[in-house]
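S.K.: One predicted model, sequence on top.
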Amino acid sequence: SAVISQKPSRDICQRGTSLTIQCQVDSQVTMMFWYRQQPGQSLTLIATANQGSEATYESGFVIDKFPISRPNLTFSTLTVSNMSPEDSSIYLCSVGGSGTTISYEQYFGPGTRLTVT
Amino acid sequence: GEDVEQSLFLSVREGDSSVINCTYTDSSSTYLYWYKQEPGAGLQLLTYIFSNMDMKQDQRLTVLLNKKDKHLSLRIADTQTGDSAIYFCAERRTSNTGKLIFGQGTTLQVKP
C-alpha cells in the first residue's frame, strides 16, 4: 500500500485568506485525488489531479476556488482560496495505482483539518 | 442516482459479530469498498470486492455482495473495542477513474 503524508495536519485560518495543502506519496502513483469531508458528513470528490495538465473538477467545484497542482507522480497541492467558514472541513488526498498501472486499491492520506474563523 | 446508503449507528458487545449494511443504486458499479475511520484519523482501506464476486473473506472480515439487490455488507467476527470507528462503504462506477461515491458512514460502538 502507498504511504501518504499531508501538510499541514490542521490549521485555523481567517476568512478571506488562502491555504495550500500538500500531499506527498512514497511511490509513484497513477492517480491522485482530492476529497472533502465536511463536519459529520461523508466524503465528496473535489477533483482529480492530473500530472502535467489541468485538474479535472467535479460538479460544484471550480479551479478559481480550489486550484490544484501535480508536478510529478508523487506530489500534489490543493489550495483553498478566499476561505469562508463554510470551507471548514477535512481535506483528504487519495491515490490509486502505481507507476503507470491502474489499480483498484485506493488509499487516503491522514487529512488536513481546516477551521476557518 | 448518486445515493449510497448506510444505517448511521450500530452497537454490539465485545466478542459478538457486527454486520454493517450498505445499499447502492447504480448497477454499473465495478468495485465496492469498505473503509474505517477512527476519531481524528484518515480513512483506512479495509477491503474491496469486484462486482462479479459474491463474497470475499479476509481474516475477521467477510464482505457479501448481492448485486441483484444492490446490497453490500461487512461482517466483523469477534468484534473488539478497537473496532469502534466509523465505517464507510463506497462504490466505484467506472473502472478507469478514481471517483468513489461514499455512504454516510456507520458508527460502530463496541461495548465491553
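M.R.: Now that the structure is in, tell me what you want to look at. Residues are numbered from 1 along each chain as shown, chains lettered A, B, ... in the order given.

S.K.: Could you tell me which residues of chain A lie near chain B?
M.R.: Within chain A, the positions near chain B by C-beta under 8 Å from any C-beta of the partner chain are A:1, A:31, A:33, A:41-45, A:48, A:58, A:92, A:94, A:96, A:102, A:104-111. C-beta coordinates here come from the backbone N, C-alpha and C atoms, glycine included.

S.K.: Would you show me how to pick out the buried ones of those residues in PyMOL?
M.R.: Listed next is the PyMOL selection for buried residues among those, using 16 or more other C-beta atoms under 10 Å in any protein chain shown:
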select buried, chain A and resi 31+33+42+43+44+45+48+92+94+96+106+107+108+109+110+111
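
S.K.: check contacts around the closest residue to residue A:18 other than its chain neighbours.
M.R.: Leaving aside its chain neighbours, residue A:18 sits nearest to residue A:81 (4.6 Å; criterion: C-beta to C-beta, 6 or more residues apart in numbering or on different chains). By C-beta atoms under 8 Å, 6 or more residues apart in numbering or on different chains, the contact set of residue A:81 is A:18, A:64-67.

S.K.: Pull out the buried members of those residues.
M.R.: By 16+ other C-beta under 10 Å, those give A:65-67 as buried.

S.K.: so of the residues of chain A next to chain B, which ones are in strands?
M.R.: Judged by DSSP state E, strands contain the following of those: A:31, A:33, A:43-45, A:48, A:92, A:94, A:96, A:102, A:104-108.

S.K.: So residue B:76 versus residue B:34, what's the distance?
M.R.: Using C-beta to C-beta, to the nearest Å, we find residue B:76 at a distance of 10 Å from residue B:34.

S.K.: Common neighbours of these two, please.
M.R.: By C-beta under 8 Å, 6+ apart, residue B:76 and residue B:34 have these common neighbours: B:20, B:61.

S.K.: ok, and the closest non-adjacent residue to residue B:91?
M.R.: Excluding the flanking residues, the one nearest residue B:91 by C-beta to C-beta, 6+ apart is residue B:29, at 4.3 Å.

S.K.: Could you list everything the residue at minimal distance from the centre of chain A pairs with in the sheet?
M.R.: Centroid check for chain A by C-alpha atoms, centre = their mean gives residue A:34 as the closest residue, at 3.1 Å. As for beta bridges, residue A:34 partners with residue A:47, residue A:93 under DSSP bridges.

S.K.: Hmm, it is touching residue A:70, no?
M.R.: No. Taking contacts as C-beta atoms under 8 Å, residue A:34 lies outside contact range of residue A:70: 10.0 Å.

S.K.: Where does pLDDT dip in chain A?
M.R.: Applying pLDDT under 70 to chain A flags residues A:97-103.

S.K.: what does chain B give?
M.R.: Residues of chain B that meet the cut-off, pLDDT under 70, sit at B:1-2, B:95-97.
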